[in-house]
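>>> Quick one: sequence and predicted model below, then my questions.
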Amino acid sequence: MILALDQGTSSSRALLFDKNGQLLGLEQQEFQQYYPQEAWVEHDAEEIWRSQLQVAQRLIEKMQISPQAIQAIGITNQRETTILWDKKTGRPVHRAIVWQDRRTASYCEELKQAGHADYLRQHTGLLADAYFSATKIRWILEHIPQAKALAEKEQLCFGTVDSWLLWKLTNGKVHKTDPSNASRTLLYNLHTGEWDPKLLDIFGIPAHILPKISASSGLFGHTDPALFGAEIPITGIAGDQQAALFGQGCWQAGSVKNTYGTGCFMLMNTGNQPQNSNSGLLTTVAWEIDGQRTYALEGAVFVAGAAIQWLRDSLRILDSAKDSSYFAQQVEDTNGVYFVPAFAGLGAPYWDMYARGAILGLSRSSTKAHIVRAALESLAYQSKDLLLAMQQDAQLPLVQLKVDGGASANDFLMQFQSDILNAELLRPSLQETTAAGAAYLAGLGAKVWTKSDIQGFLAKQAQSFQPNMPATDREKRYARWLKAVSRTRNWAEE
Ligand SMILES: Nc1ncnc2c1ncn2[C@@H]1O[C@H](COP(=O)(O)OP(=O)(O)O)[C@@H](O)[C@H]1O
Ligand SMILES: O=P(O)(O)OC[C@H](O)CO
């Protein structure tokens with residue numbers, strides 16, 4: 001059996017897979033989001049750890065399995081989210097600064113003005129944007145005196161969520177990450193596969209706080225026996241979007257998946273060479289296995305399912321995210337309402353840190369159902385923005401898209417997505433592809449499975465959504481979406 005730990009932005013999950021790659025059980029726990037200031041987003045790193053440990057322990061108890069039966073653990077995680085902790089006590093020096101947090105936007109402008117954007121682009125495949133970890137690390141070092149003092153004594157550790165969980169699982173024995181997570185920090189050189197000294201210098205980050213980088217599949221360490229009653233090897237780590245790419249079986253160059261979670265993330269496998277984007281996409285490591293790195297092009301949308309969460313938790317017009325489908329289908333269309341959920345600026349392909357959310361086209365006849373429908377449609381429009389950029393970079397027409405993530409359970413959304421893209425969507429029967437990807441990497445790393453075993457698991461039935469919207473309708477709606485997006489641009493610029 002393989003245990004996958006899937007630490008997402010909205011919840012922590014633990015999933016058990018049997019020797020045939022079948023999902024045996026799942027435990028999940030949402031945790032608190034903190035919004036201390038406009039466009040700041042934080043998590044309590046201790047709560048991330050507690051919730052992740054609890055779901056794993058609960059699952060083992062519920063399934064009534066012996067911890068010795070777990071052959072390996074795979075970790076997958078929300079990426080970029082930044083945690084700094086005291087090496088001696090293991091206590092975080094600040095709340096985790098979440099990937100969506102925009103507090104370092106003005107510093108990113110300074111980076112651009114200082115002429116660093118080209119170096120960043122060429123060596124990391126990323127942009128000078130508040131999304132990535134480096135500017136968040138710098139912010140903590142500058143604003144939290146304890147962090148600075150610990151750094152001076154070489155007693156400070158940095159990690160993305162994978163490293164933090166690994167550290168806690170091994171009781172402080174292992175400080176490592178994998179290339180898929182490292183490639184989201186703005187500190188990792190895509191070509192050498194190492195932390196880049198010039199980037200560390202630009203950001204003023206000491207090298208000794210960084211984790212060691214190990215292949216995504218292979219032994220990272222063993223769990224402390226006090227946690228589960230056994231020393232379980234941790235043999236797979238990947239950022240959640242790359243894990244989903246792996247879990248969807250997108251192993252060949254040119255294959256694409258889109259994940260609908262808190263955000264939306266479209267990734268295309270580009271093979272063993274990093275490919276530059278001319279269309280606002282990111283170049284990233286997909287995974288490293290057996291000394292071979294695979295790369296991907298990625299389009300990232302910051303707010304997707306989170307817009308539905310906002311309707312539920314802030315506006316309180318939904319009892320659950322699932323209900324969005326019911327309300328959306330109470331009306332034939334949005335009656336001209338467009339919802340641009342740029343709560344955290346706009347990611348790919350716009351990269352506008354100062355865009356902010358808007359609901360446009362309201363009239364006296366607008367209802368809750370129109371707004372809910374517009375929110376769901378915004379996930380599909382944002383994904384179309386990504387796909388067009390990807391097609392431009394890859395020079396390939398895309399006819400089929402593999403989909404997954406929490407919001408992909410919404411049939412209304414999937415049909416609308418297929419219509420607006422004019423492409424077939426394939427939703428696998430196992431929707432937990434992120435966790436499956438982590439389990440596969442761990443299973444390979446522990447030599448429980450071979451690649452061909454995993455290919456056998458992947459050949460399962462998928463549900464297909466076929467496009468069914470007249471071209472003129474599709475084009476008209478998308479043109480209105482682009483107009484709506486243009487109205488949100490640069491809103492918060494000082
Ligand atoms: N049926 C649904 N319709 C629309 N959105 C949904 C639905 N179910 C879940 N979501 C949204 O999907 C997100 C959760 O998906 P998940 O893949 O678990 O996210 P993450 O990995 O980011 O924590 C939430 O933002 C939630 O609002
Ligand atoms: O938690 P998710 O699934 O929304 O994924 C978050 C991404 O990894 C952020 O880059």
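Yep, it's here. Ligands and ions are numbered 1, 2, ... in the order given.

>>> any idea how far residue 332 is from residue 70?
As judged by CB to CB, to the nearest Å, residue 70 and residue 332 stand 50 Å apart. The C-beta positions use only the backbone N, C-alpha and C, and glycine is treated the same way.

>>> Compare those two (neighbour count), which wins?
residue 70 (20 against 8; other CB atoms under 10 Å).

>>> Could you chop this structure up by domain?
2-214, 249-494 (automatic domain parsing).

>>> now for the ones you listed, which one comes closest to residue 239?
Comparison of the domains of the chain against residue 239 by CB to CB identifies domain 2-214 as nearest, at 4.0 Å.

>>> for the closest one, how far is the first residue from the last?
Terminal residues of domain 2-214 lie 20 Å apart, using CA to CA, to the nearest Å.

>>> if I read this right, residue 186 contacts residue 132, doesn't it?
Yes. At 4.2 Å, residue 186 and residue 132 qualify as touching, with contact defined as CB atoms under 8 Å.

>>> Ligand 2 contacts on the stretch 151-300 of the chain?
Contact residues, the stretch 151-300 of the chain versus ligand 2 (CB under 6 Å from any ligand atom): 239, 240, 241, 261, 262, 263, 300.

>>> out of the residues you listed, which is most surrounded?
Most surrounded of those: other CB under 10 Å gives residue 239, at 34 neighbours.

>>> for that residue, phi and psi?
phi -60, psi 150 (degrees, to the nearest 10).

>>> show me what contacts it?
Contacts were defined as CB atoms under 8 Å, 6 or more residues apart in numbering; by that measure residue 239 touches 76, 77, 79, 160, 162, 178, 180, 181, 184.

>>> Point out the ones among those residues that are inside strands.
76, 77 (DSSP state E).

>>> Of the contacts of residue 239, just say which sits nearest to ligand 2.
residue 79 (3.7 Å; CB to the nearest ligand atom).

>>> how close does that closest one get to residue 51?
18 Å.

>>> Quick one: the helices in the stretch 151-300 of the chain, in order.
161-169, 179-182, 197-203, 225-228, 240-247 (DSSP state H, counting those that start in this stretch).

>>> For stretch 163-174, give me every contacting residue.
5, 7, 45, 48-49, 52-53, 73, 75, 77, 83, 85, 87, 90, 96, 157, 159, 175-177, 181, 211, 220-224, 226-227, 234, 237.

>>> Kindly check the end-to-end length of that stretch for me.
8 Å.

>>> swap in stretch 312-323?
Taking CA to CA as the criterion, the two ends of stretch 312-323 lie 9 Å apart.

>>> That stretch vs ligand 2: in contact?
No. Taking CB under 6 Å from any ligand atom as the criterion, stretch 312-323 and ligand 2 are apart, separated by no less than 13.2 Å.

>>> So which residues make contact with that stretch?
With CB under 8 Å, 6+ apart as the test, stretch 312-323 has contacts from 305, 308-309, 311, 324, 327, 368, 371-372, 406-407, 409-410.

>>> Longest strand of the chain, counting residues only.
strand 292-301.

>>> so for stretch 206-214, what's the average pLDDT?
For stretch 206-214, mean pLDDT rounds to 97.

>>> on that earlier part again, pull the most distant pair out of the residues of the stretch 151-300 of the chain next to ligand 2.
Between any two of these (CB to CB), the greatest distance is 13.8 Å, for 239 and 262.

>>> for the chain, which spans come out with low pLDDT?
For the chain, the stretches flagged by pLDDT under 70 are 396-397, 399, 494.

>>> For residue 415, which non-adjacent residue is spatially closest?
In this structure, residue 415 finds its nearest non-sequential neighbour in residue 465, 5.4 Å apart by CB to CB, 6 or more residues apart in numbering.

>>> for ligand 1, what are the nearby residues on the stretch 1-150 of the chain?
8, 9, 10, 11.

>>> If we use 5 Å, what do you get?
8, 9, 10 (CB under 5 Å from any ligand atom).

>>> and ligand 2, which of those residues contact it?
Checking these against ligand 2 (CB under 5 Å from any ligand atom), the matches are 8, 9.

>>> Put together CSV for the residues of the stretch 1-150 of the chain next to ligand 1, with secondary structure and neighbour count on each row.
CSV is the format used below for those (DSSP: H, G, I helix; E, B strand; the rest coil; neighbours: other CB atoms under 10 Å):
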residue, secondary structure, neighbour count
8, coil, 21
9, coil, 23
10, coil, 17
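
>>> ok, the residues of the stretch 1-150 of the chain next to ligand 1 vs residue 249, which is closest?
So of those, ranked by how close each gets to residue 249 (CB to CB), first place is residue 8, at 20.9 Å.
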